[in-house]
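Asker: fold the stuff below for me.
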Amino acid sequence: MALSTSSLTSSFSSLTFSSQISQQPNTSLSSKQSKSIFIVPILKTPKLVVSATVASPAELENKNPGNYVKSRLSGGFSVPTIIGTGRSKGTIAPLVLQKGNEEVIINYRDAEENLQGDSLRLQCECFDFYKDIIPYKKAWSWQKKIVEEKKALIERNEECPDSLIILQHSPVYTLGTASSEKYLNFDLKNPPFQIYRTERGGEVTYHGPGQLVLYPIINLRNHKMDLQWYMRALEEVVIRVLFSTFSIKASRLEGLTGVWVGDQKLAAIGIRASQWITYHGLALNVTTDLSPFSWIVPCGIQDRQVGSIKKLLKKDQSSTKETDLDHPHDCHLLDVTHDSLIMEFSEVFEVEVSKKNVPFSEISEKNF
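Answerer: Got it, this is the predicted structure:
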């Protein structure tokens, strides 16, 4: 049965997320209940309608593998405050109401499903250099520095927003931790472009102008602590971009990572996580010159091709929704794809993306 906000407000008192909570629900919790509904104003958020599931201590431990600091609540209730998640101020953290042996989990994703009023999302700072050609080594070093900064914030239980870097690279080949040199069709002593062996997963790939690269540096404790889920989510971002912006129906291929249109791979994914903080990410071929891929076996896959959005649009003009995209200028095509990537990333990861207006020269001076 659906309950309105007004009826719930008259039935329950509000709980405030703080070290001292003076009010309690005017209804008792029963271990036989499967669902309980509360109006919960948390930090700076508006009142929300959330669903709470009764759970045993064992279930609680499995669902929320964080550390807890107990705060007292009158009437025998206590609210364990989760620490070490790096969750931003003003956002919902998973809560647990406890009275005796009864425990009720209020999860922030449950809350979002029943949100009345303004939406509530995690914050994600975006360093947007998509029009710039950034040397790979600098971007790589910068990612690792951000990861260490985030780990330090989490260790101190301080606010730790997600981060997203968007850019293009000057021509470069990169290999994963266990990449095999047999997939290189050139002499390592005389490579066509610079080559780096990194700590990401996957085989060799190429980065260059016309390819939009996304480096999400996010705390998976705030999302889902599952690397397979994370890679599928990155793929989902690209699949949505291709369909919503260009009516291109892309897909995943069983047993392979990345995003495909037929036998052409448009987006490659290679990631690394350190203490559940992600780095590296995805590369989407938009207007990329594909000829450098001929010097390698991309991602170690020998019976597939590499494609780009531009190449697909030229092959089938009817695949686009907008007439001005039938023969798009390269810069315009990059602009359109970039805007869609940010929008779909925000939707898939349920974050509010806010751009940081910092020139890369300033970042370079501070970090390199």
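
Asker: can you map out the strands along the stretch 101-250 of the chain?
Answerer: 102-106, 122-134, 162-169, 172-175, 194-197, 205-207, 211-217 (DSSP state E, counting those that start in this stretch).

Asker: which strands and helices sit next to the third one?
Answerer: So that's strand 162-169. strand 122-134, helix 136-155, strand 211-217, helix 330-349 (3 or more C-beta pairs under 8 Å, 6 or more residues apart in numbering; DSSP states H and E). All C-beta spots, glycine's among them, are computed from the backbone N, C-alpha and C.

Asker: quick one, that strand and strand 211-217 angle?
Answerer: Interaxial angle, strand 162-169 versus strand 211-217 (axes from the mean of the first three to the mean of the last three C-alpha atoms, to 10 degrees): 160 degrees.

Asker: export strand 162-169 to PDB, keeping only CA atoms.
Answerer: The C-alpha trace of strand 162-169 is given here as PDB (Å, rounded to 0.1, in the frame of the first residue of the first chain):
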ATOM      1  CA  ASP A 162      34.400  11.200  -6.200                       C
ATOM      2  CA  SER A 163      36.500  12.600  -9.000                       C
ATOM      3  CA  LEU A 164      36.300  12.300 -12.800                       C
ATOM      4  CA  ILE A 165      39.000  13.400 -15.300                       C
ATOM      5  CA  ILE A 166      38.100  13.800 -19.000                       C
ATOM      6  CA  LEU A 167      40.800  14.400 -21.600                       C
ATOM      7  CA  GLN A 168      42.500  13.300 -24.800                       C
ATOM      8  CA  HIS A 169      46.000  12.000 -25.000                       C
END
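
Asker: pLDDT averaged over it - what is it?
Answerer: For strand 162-169, the mean pLDDT works out to 98.

Asker: direction included, what does that strand pair up with?
Answerer: strand 122-134 (parallel), strand 211-217 (antiparallel) (DSSP bridges).

Asker: follow-up on the earlier one: highest mean neighbour count out of the helices and strands packed on strand 162-169?
Answerer: With neighbours defined as mean count of other C-beta atoms under 10 Å, these peak in mean count at strand 211-217, which reaches a mean of 24.

Asker: quickly note the distance from the closest residue to residue 183 other than its chain neighbours to residue 187.
Answerer: Nearest non-adjacent residue to residue 183, counting by C-beta to C-beta, 6 or more residues apart in numbering: residue 297, 4.0 Å away. Computed as C-beta to C-beta, to the nearest Å, the residue 297 to residue 187 distance reads 15 Å.

Asker: settle it for me: which of those two has more neighbours?
Answerer: residue 297 (18 against 8; other C-beta atoms under 10 Å).

Asker: residues contacting the more buried one?
Answerer: 183, 185, 203-204 (C-beta atoms under 8 Å, 6 or more residues apart in numbering).

Asker: before we move on, back to that, any chance of CSV for the strands of the stretch 101-250 of the chain, columns distance to residue 346?
Answerer: What follows is the strands of the stretch 101-250 of the chain, written out as CSV (distance: least, C-beta to C-beta, whole Å):
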stretch, distance to residue 346
strand 102-106, 24
strand 122-134, 8
strand 162-169, 9
strand 172-175, 27
strand 194-197, 30
strand 205-207, 24
strand 211-217, 11
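
Asker: circling back: out of the helices and strands packed on strand 162-169, which is closest to residue 249?
Answerer: helix 330-349 (15.1 Å; C-beta to C-beta).

Asker: before I go, just wanted to say thanks for your time.
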